[in-house]
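Need a 3D model of the following:
(one chain, ligands or ions: 1)
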Amino acid sequence: MSTPAGTSDTAPGGTVDAAPGRTVDAAPGGASGPAPLRTDGPVPVGTDGPAPAGVFPGGAELFRLDARVAHLNHGSFGSVPLPVAREHRRIADEAAADPDAFFLGVPDRLAAARARIAAHFGTDPEGMALVTNATEAAHLALDALGLGPDDEVLVTDHGYGTVVEAAARRARLVTVPLHPLLPDEDAVREAVLAAVTPRTRVAVVDQITSPTARIVAGPRLLADLADRGVTTVVDGAHAPGMLAAPLAGRPDVWFGNLHKWAYAPSGSAVLAVAPALRDRVPAPVPSWEDHRGFPRAVEYRGTADYTGLLAAADGLDLLAALGAERVRAHNSALAAHGAGLLAKLPGVTPLPADDRLALRALRLPPRFARTRPEAEALREEIMARVGCRVLVWPWPGGGGIRICGQIYNRPAEYERLARGLRFLLDGD
Ligand SMILES: Cc1ncc(COP(=O)(O)O)c(C=O)c1O
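Here you go, the predicted model:
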């Protein structure tokens, strides 16, 4: 599978061990591997950027992240806050204590969990199904569209690899190149619309692109595509929790991960489908709920682990209790602070940013991350030598870096990244 960018938000990179507390800001040392860079000097890149955002009170204490690492990549896998993890464990304990009672009740409990989640999005619970992740949602949704090999599906070169692959398995792809420096959402919209032809049946477009943190599937683009008779499939993997109205624009199909910005356990996602398509979404496997149709037939798959999905609404409840707008503002300001520091490094160019997002992307000097192996090597070097988890995205002619802001992050972590990256880019 490959896209020009070959982005792998979730490419294997290893996870860190849980450690309570979060008190130090030191890069991890170790007897083997490259020497950690010194990251305790003055910030060599200047500090006259945007005012540093503060610390979200109590934010870090809600997580059990390894305090030796700066986790600046919430967007890839998310991280489960302790109260949600506790509810997840409580449900798992319940399943262990009486499996018969638990599993017999699963379909109805999934429906109840779905109703709570749908209420957060202001949408009809009968119009969405709980699924495992965005990739699975894309796979199921595209099956509902009855595509043939001669049908054209429009994607962009910022699309996520597994989702693009789901489309490529079913139809002919037309890939719209979007220059990473296109100035704004309107320019992106125009580039996508310019690629529509009478043969375009479906557009699979990101709400928020993974490598470049751009909004593609805004309400205006969706309306324009609908006017042209194009069925819209929106990859909203990053939207739940990040955008105030993730289902805005009424796409034909929309899916989003709850395990990224909505604080849900891993393996929690939603697939929302327009009424006319619902009966055509296939159940992923035959099950005893098949006769119930969408959404129950889609979300029930026999004896499986449903505990994460059943705890997922607690993530959205927690976000609401913390103050979703407050969290979003904090996360966006922190990411902007980090991007401001990185933008001062020689040869690093910030991509146009959107204040609604807790993600920022910057292009690295042209000799870095030109291919996926180069990007993965740099990502691992940043972890090994600077102690920061970030996404490094490959791109022909030079890739980039993506950073995130989350309530467990602090300005000092981005300052550490900026100092360390400066040395790595200099070939230190
Ligand atoms: C835009 C986008 N789409 C799809 C996915 C795939 O998500 P998952 O691995 O949960 O299927 C990701 C993962 O980061 C993503 O960023």
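
from here on, contacts and neighbour counts on C-alpha atoms
OK.

Residues contacting stretch 220-235, please?
Residues outside stretch 220-235 that contact it (Cα atoms under 8 Å, 6 or more residues apart in numbering): 134, 138, 141, 163, 189, 193, 200-208, 217, 249-256.

Which among the residues you listed count as buried?
134, 138, 141, 163, 189, 193, 200-208, 217, 250-256 (16 or more other Cα atoms under 10 Å).

Quick one: mean pLDDT for stretch 273-283?
For stretch 273-283, mean pLDDT rounds to 97.

end-to-end on that stretch?
14 Å (Cα to Cα, to the nearest Å).

list the buried ones in it?
Neighbour-count burial for stretch 273-283 [16+ other Cα under 10 Å]: Val273, Arg278, Arg280, Val281, Pro282, Ala283.

so which of those are also by the ligand?
Among the buried residues of stretch 273-283, no residue sits close to the ligand (Cα under 6 Å from any ligand atom).

Out of these, name the ones that lie in helices.
By the criterion of DSSP state H, membership of these in helices covers Arg278.

Of the buried residues of stretch 273-283, which belong to strands?
Among those, the ones falling in strands (DSSP state E) are Val273.

which ones are touching Leu316?
Applying Cα under 8 Å, 6+ apart, the residues near Leu316 are Ile117, His120, Gly241, Ala262, Tyr263, Ala264.

what do you get if the cut-off is 6 Å, keeping everything else the same?
Ala262 (Cα atoms under 6 Å, 6 or more residues apart in numbering).

tell me the average confidence for the strand or helix carrying it?
Taking DSSP states H and E as the criterion, Leu316 maps to helix 307-322. Averaging pLDDT along helix 307-322 yields 98.

in what helix or strand does Met204 lie?
Quick fix: residue 204 is Val, not Met. Going by DSSP H and E, Val204 is in strand 200-206.

I meant Arg402, not that one.
Assigned by DSSP H and E, Arg402 falls in strand 400-404.

Neighbouring strands of the strand holding Val204 in the sheet, and parallel or not?
strand 152-156 (parallel), strand 231-235 (parallel) (DSSP bridges).

Can you tell me the element the residue of the stretch 151-300 of the chain found nearest the ligand falls in?
Residue of the stretch 151-300 of the chain nearest the ligand, by Cα to the nearest ligand atom: Ser210 (4.2 Å). Under the criterion DSSP H and E, no helix or strand holds Ser210.

tally of neighbours for it?
25 (other Cα atoms under 10 Å).

What does the pLDDT read for it?
Looking at Ser210, its pLDDT stands at 97.

again, but for Arg296
98.

circling back to that earlier point, what's the distance between the strand holding Arg402 and the middle of its chain?
The chain centroid and the centroid of strand 400-404 are separated by 12 Å, computed with Cα atoms, centre = their mean, to the nearest Å.

do the same with stretch 373-393
For stretch 373-393, the distance to the chain centre is 18 Å (Cα atoms, centre = their mean).

How about it and the ligand, touching?
No: with Cα under 6 Å from any ligand atom as the criterion, the ligand is not reached by stretch 373-393; the gap is at least 10.1 Å.

Could you list the buried residues of that stretch?
374-376, 378-393.

Show me what stretch 179-189 is in contact with.
Defining contact as Cα under 6 Å, 6+ apart, one finds that stretch 179-189 is touched by Leu221, Leu351.

Would you mark the buried spots in that stretch?
Pro180, Leu181, Glu185, Val188, Arg189.

what do you get for stretch 297-310?
Under 16+ other Cα under 10 Å, the buried positions of stretch 297-310 are Ala297, Val298, Glu299, Tyr300, Arg301, Tyr306, Thr307, Gly308, Leu309, Leu310.

Residues contacting it from elsewhere in the structure, which ones?
88, 91-92, 113, 129-131, 265, 268, 283, 287, 289-290.

now the helices: where do they sit in the stretch 1-150 of the chain?
Per DSSP state H, counting those that start in this stretch, the stretch 1-150 of the chain carries helices over the ranges 74-77, 82-97, 99-121, 134-144.

need those in TSV with mean pLDDT and distance to Ala168, can you?
Listed next are the helices of the stretch 1-150 of the chain as TSV, based on pLDDT from 0 to 100; distance: least, Cα to Cα, whole Å:
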stretch	mean pLDDT	distance to Ala168
helix 74-77	98	23
helix 82-97	98	36
helix 99-121	98	30
helix 134-144	97	10
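
Kindly compare burial across those helices and name the winner.
Among those, the stretch with the highest mean neighbour count (mean count of other Cα atoms under 10 Å) is helix 134-144, at a mean of 22.
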